[in-house]
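Q: Let's see this in three dimensions:
(chains A and B)
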Amino acid sequence: NAGVTQTPKFQVLKTGQSMTLQCAQDMNHNSMYWYRQDPGMGLRLIYYSASEGTTDKGEVPNGYNVSRLNKREFSLRLESAAPSQTSVYFCASTLRREGVQFFGPGTRLTVL
Amino acid sequence: AQSVTQLGSHVSVSEGALVLLRCNYSSSVPPYLFWYVQYPNQGLQLLLKYTSAATLVKGINGFEAEFKKSETSFHLTKPSAHMSDAAEYFCAVSDMSGAQKLVFGQGTRLTINP
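A: Residues are numbered from 1 along each chain as shown, chains lettered A, B, ... in the order given. All right, here's what the predicted structure looks like:
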């Protein structure tokens, strides 16, 4: 099992450009999450999907959109990137029964 | 709403010394609590979890944590630090909703001195 995979690993964008971060899990998990990690701030939840077909805002959703494409895949889209979105983005998933989340390796995004 | 506070953004110990990383939480219901570790340029990996069973929880790599309800604490310890323990450590609390969202502390960077 690959667990949680994310693409790309690194990305550099110019202000105003758009991009989609991809996430997939092969553990048959119900819930999936997108976080951003910034120095000294821990991980903050951007959006989550409690189950296939549902998505909800987290703590810091502004400037982002998500799509739960199917049970395996959950993508994060930046429509018009801003320098404040420079961060490391992590995708995670869980079965929910015990709440343990499994994390992908992350995407390091720089917006110039 | 749940919240987590980790005391000390940086902790430095000598190899072989006790490791103590502090975590205090706020929760209106009995919480599920977690410690995760992040090695450089990697994702987060579960160290251990508390889900209302035994209050002393043992995790991987010799780490353990004790849930103290009266102190709303869940501190992480290891009796003898190893160079390979150098990493960033995150404490998290579950919001206990159907979506099982996690609220993370700010993280503590652990440095091991030879």
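Q: and chain B, which residues reach chain A?
A: Counting by CB under 8 Å from any CB of the partner chain, the positions of chain B adjacent to chain A are B:4, B:9, B:32, B:34, B:36, B:42-46, B:49, B:51, B:90, B:94, B:98-102, B:104-107. For the C-beta atoms, the positions are set from N, CA and C on the backbone; glycine is no exception.
Q: Provide a PyMOL selection command restricted to the buried entries of those residues.
A: The following PyMOL line selects those of the residues of chain B next to chain A that are buried, judged by 16 or more other CB atoms under 10 Å in any protein chain shown:
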select buried, chain B and resi 4+32+34+36+43+44+46+49+51+90+94+99+100+101+102+104+105+106+107
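Q: and the residue nearest the centre of chain A, what pLDDT?
A: Central residue of chain A (CA atoms, centre = their mean): A:W34, 3.0 Å from the mean position. Here, the pLDDT recorded for A:W34 equals 98.
Q: Looks to me like it is in a strand.
A: Yes. The assignment for A:W34 is a strand, going by DSSP: H, G, I helix; E, B strand; the rest coil.
Q: Hmm, it is touching A:R44, no?
A: No. Applying CB atoms under 8 Å as the test, A:W34 and A:R44 come out as separate, 10.0 Å apart.
Q: Next, show the common contact partners of those two.
A: Taking CB atoms under 8 Å, 6 or more residues apart in numbering or on different chains as the criterion, A:W34 and A:R44 both touch A:G58.
Q: all strands in chain B, in order from the N-terminus.
A: Secondary structure of chain B (DSSP state E): strands at B:3-7, B:10-14, B:19-26, B:33-38, B:44-50, B:56-58, B:64-68, B:73-78, B:87-94, B:102-104, B:108-113.
Q: by contact count, what packs against the fifth one?
A: So the one you mean is strand B:44-50. strand A:102-103, strand B:33-38, strand B:56-58, strand B:64-68, strand B:73-78 (3 or more CB pairs under 8 Å, 6 or more residues apart in numbering or on different chains; DSSP states H and E).
Q: Please compute how far it lies from its chain's middle.
A: Distance, stretch centre to chain centre, for strand B:44-50: 8 Å (CA atoms, centre = their mean, to the nearest Å).
Q: Give the partner strands of it in its sheet and their orientations.
A: Using DSSP bridges, the strands paired with strand B:44-50 are strand B:33-38 (antiparallel).
Q: Show which residues not belonging to the partner strand make contact with it.
A: A:99-100, A:103, B:21, B:23, B:25, B:44-50, B:59, B:63, B:65, B:67, B:74, B:76, B:87-94, B:102, B:107.
Q: Measure how buried the residue lying closest to B:P114 once chain neighbours are set aside is and give me the count.
A: In space, and not counting its chain neighbours, B:P114 is closest to B:E15: 5.6 Å by CB to CB, 6 or more residues apart in numbering or on different chains. By other CB atoms under 10 Å in any protein chain shown, the residues close to B:E15 number 13.
Q: Thanks a lot, see you next time.
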